Structure formats: C-alpha cells, structure tokens
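Q: Build the 3D model from these lines:
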Amino acid sequence: MITDMHCHFVPEDYYRLVQGNATFAVREVQRRGEMIDVEVRGTTFALNDTFFDPARQIARMDRLGIDRTVVSLATPLINYFSEPGLAIDAAQTCNDGFARLVRTDPKRFAAWAFLPMQDPKAAARELTRCVKEHGFIGGHLATNVRGAYLDAPQFEPIFEAARELDVPLFVHPADPAGKDRTAEFELTTIAGYLFDTSINIFRMVCSGFLERHSGLKLVCAHTGGYSLMLRGRMQCEVDKNPSIQRNLKRSVGEYLDGLWYDTAGFEEGYISFAATVIPPEHLLFGTDAPFLLVLPDPVGFIRRSLPGAQADAALGANFAALTGT
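A: Take a look at the predicted model:
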C-alpha cells in the first residue's frame, strides 16, 4: 500500500470557525477558478479547492497511484497566538472534521491530530482523545510555538502522552524564524521552513532532548530540512564545545538516526543521500500536497531516487512498520 503521510486538508467547520473569529485574522481575498487566496495575519497564501474537498483529494490520489493519505492541517491556518480556551475549541473542531473525513473512506484516509500547543496539557489530552476515540495515527506539531522550540520544558506533557500511547508525532514547520527577511520570492516557503526544521532538530539533539526521549517516534517534514547535510558540521561544533558535549552520550549522527523523515525533498540525489546516512527504513513517502510546490510524479520520484526494495519500503512498508497500520 502506497501511503502519503504528508498531505494537508482543511475541515469545513474549522475553516468557518477561523474565518468567523477575528482572533484568527483569516479572510478569503479572492477565488480564481480552483485557486483560493487566503490572507492569514496579514500574509496571503495560495490554496486551492483540493484542500477542502475529499473527492478532489481522492481524484489526486488515484491520478498519482497513491492508496492512502494521512492528512494534517494546512500550515497557514495553524494559529498558536489565540488564548488557550479558543485554541482547544479550534483543535477539537479541526480534529472532529478530520474524523468525519476518515469515516467517509477509512481505507483511503487517516489523520494526524492537530494539537492546541498553547496549552501543552490540553494538547496531551487532545492527542489521547484523537488516538483513542478516532483512531488517529498520532499528533501533528509545529517546529516552534511562538518562538519556543520543542525541546522547551513546557511541552513535556505532549511527549509523555505520545510515549504512553506509543504513537508517532509529525513535526512540520510553521511561523519560521527570520520570515521578516524572507518575504520576497516565496523564500519563506522555499528555505525558511526548512531552516526552522533544522533549528528544531539540532536543538533537540544538543539540548539532550533526544537523549531523554530516546523512545519517542518523531517524523520530520521535508526530509529534515538541512539537518542531514549539516550533521558533520554540527558534530565538529559538538567536538569542540564542552557545554554541548555534556548533554550528549552519542554522536550527532546517531541521534539523527533515531528520527524519521518524509521524502518531500525534491532532489533525487538528496533522497539517495539520506538513505546512506540514516536507516533507509526511516524514510517515509510524503508529498506536501495539495500545495502548488509539489512534484508532478511523486511516486516515480521515489522509484528514481532509491533502489527497488528501498523504494517499495519508503512508499508504504516503512510507515506501516512505524505506525502498525
């Protein structure tokens, strides 16, 4: 079974909620055919009808040869700036919408739970509810919440819940650092999100977070950003910096080996490279659809990037082994 574990969806009730409450600062700017320009907190994002329409999602899957899609909330509509009570209501609305989508065709759809990270204890409860009541795969986290990366102590309840439930967490960038300098030429999308992913990963390594949470199943979007390319540079810094060394018992590469990575990496050579520096069974097929910035033939891309058995595993078996689904 070919499973796309990185695909975005916006439930109808959640979309109405964020448009109807000024706190979220979401409004449609215009519709052009299937394209929808949505302004979120002053920035305009190009979405399309497939984000909102299960039938279009299935048509896309059929066209590309994808058997199953695991949906998560579209990044522009993630809001960690609302007060916790509203955030909890919004997360529940979003996740109940995901659950309705999954029930329409559980063989074709699964979901990552959207979590109200403003209140980590509530986020842990929502993760538990979604896994136990809705059968979700796991939880969806951003790389940072109002500038606090995931190694910050306040997020511990979420990771404790994930370990207790034995489910993975999908870590996707949002609200990246430096976006005031990357607004032009879509550089926030092209480079900023990957930079934020890399910062988060190396903070988790260097702070001792991954040492403390060695059994935690973390899936990193966009093939881990730049982290795999920079692992040698980071190791060199660790070797020369006693203040970092004291937190670590293993090499940087060994910590990176303990994470999972999607294949939304665009370069065949980079996916091939990734399979040589991390366990190839930790590569998971993901497209980042239905954003426009996606490959036209993602399944073929994997088959060109990896040898036969590794490609087959990345397209489905690795995800099944991670999640038991």
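Q: Other residues contacting the helix ranked longest in the chain?
A: In the chain, with assignment by DSSP state H, the single longest helix is helix 84-104. Applying CB atoms under 8 Å, 6 or more residues apart in numbering, the contact partners of helix 84-104 are 9, 11-14, 17-18, 21, 23-24, 54, 71, 73, 79-80, 82, 109-111, 113-119, 122-123, 126, 129-130, 134-136. Where C-beta positions appear, they are placed from N, C-alpha and C, glycine not excepted.
Q: what is the rounded mean pLDDT of it?
A: Mean per-residue pLDDT for helix 84-104: 97.
Q: Tell me which helix or strand comes right after it.
A: strand 109-114 (DSSP states H and E).
Q: And the strand or helix carrying residue 233, what does it pack against?
A: Using DSSP H and E, residue 233 sits within helix 231-240. Here helix 231-240 touches helix 193-206, helix 242-245, helix 252-257, going by 3 or more CB pairs under 8 Å, 6 or more residues apart in numbering; DSSP states H and E.
Q: which one of those has the most crowded surroundings?
A: Mean neighbour count (mean count of other CB atoms under 10 Å) peaks for helix 193-206 among those, with a mean of 24.
Q: ok, and what's touching it?
A: 75, 143-144, 149-151, 171, 173-178, 209-210, 218, 220-222, 224-227, 230, 234, 238, 244, 247-248, 252, 255-256, 259.
Q: Helices along the stretch 1-150 of the chain, start to end?
A: Along the stretch 1-150 of the chain, counting by DSSP state H, counting those that start in this stretch, helices occupy 12-20, 54-64, 84-104, 120-134.
Q: hang on, the earlier thing: next, the angle helix 12-20 makes with the longest helix of the chain.
A: 150 degrees (axes from the mean of the first three to the mean of the last three CA atoms, to 10 degrees).
Q: Quick one: mean pLDDT for the helix holding residue 233?
A: pLDDT averaged over helix 231-240 gives 96.
Q: ok, now stretch 248-259?
A: 97.
Q: Check the separation of the first and last residues in that stretch.
A: Using CA to CA, to the nearest Å, the end-to-end distance of stretch 248-259 comes out at 16 Å.
Q: about what we covered before: could the helices of the stretch 1-150 of the chain go into TSV alongside mean neighbour count and distance to residue 42?
A: Shown next, in TSV, are these (neighbours: other CB atoms under 10 Å; distance: least, CB to CB, whole Å):
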stretch	mean neighbour count	distance to residue 42
helix 12-20	16	15
helix 54-64	16	28
helix 84-104	19	19
helix 120-134	20	26
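Q: Quick one: closest of those helices to residue 269.
A: helix 54-64 (22.0 Å; CB to CB).
Q: Average pLDDT for the closest one, rounded please.
A: On average, helix 54-64 scores 97.
Q: Report the angle between that helix and strand 109-114.
A: Using the same axes, to 10 degrees: helix 54-64 against strand 109-114 is 120 degrees.
Q: Please name every helix or strand in contact with helix 54-64.
A: strand 3-9, strand 68-73.
Q: So for the chain, the centremost residue is which one?
A: residue 172 (3.1 Å; CA atoms, centre = their mean).
Q: That one and residue 225, how far apart?
A: 11 Å (CB to CB, to the nearest Å).
Q: now swap in residue 278 and tell me
A: Distance from residue 278 to residue 225, by CB to CB: 14 Å.
Q: likewise residue 122?
A: Distance from residue 122 to residue 225, by CB to CB: 28 Å.
Q: Appreciated, that's everything.
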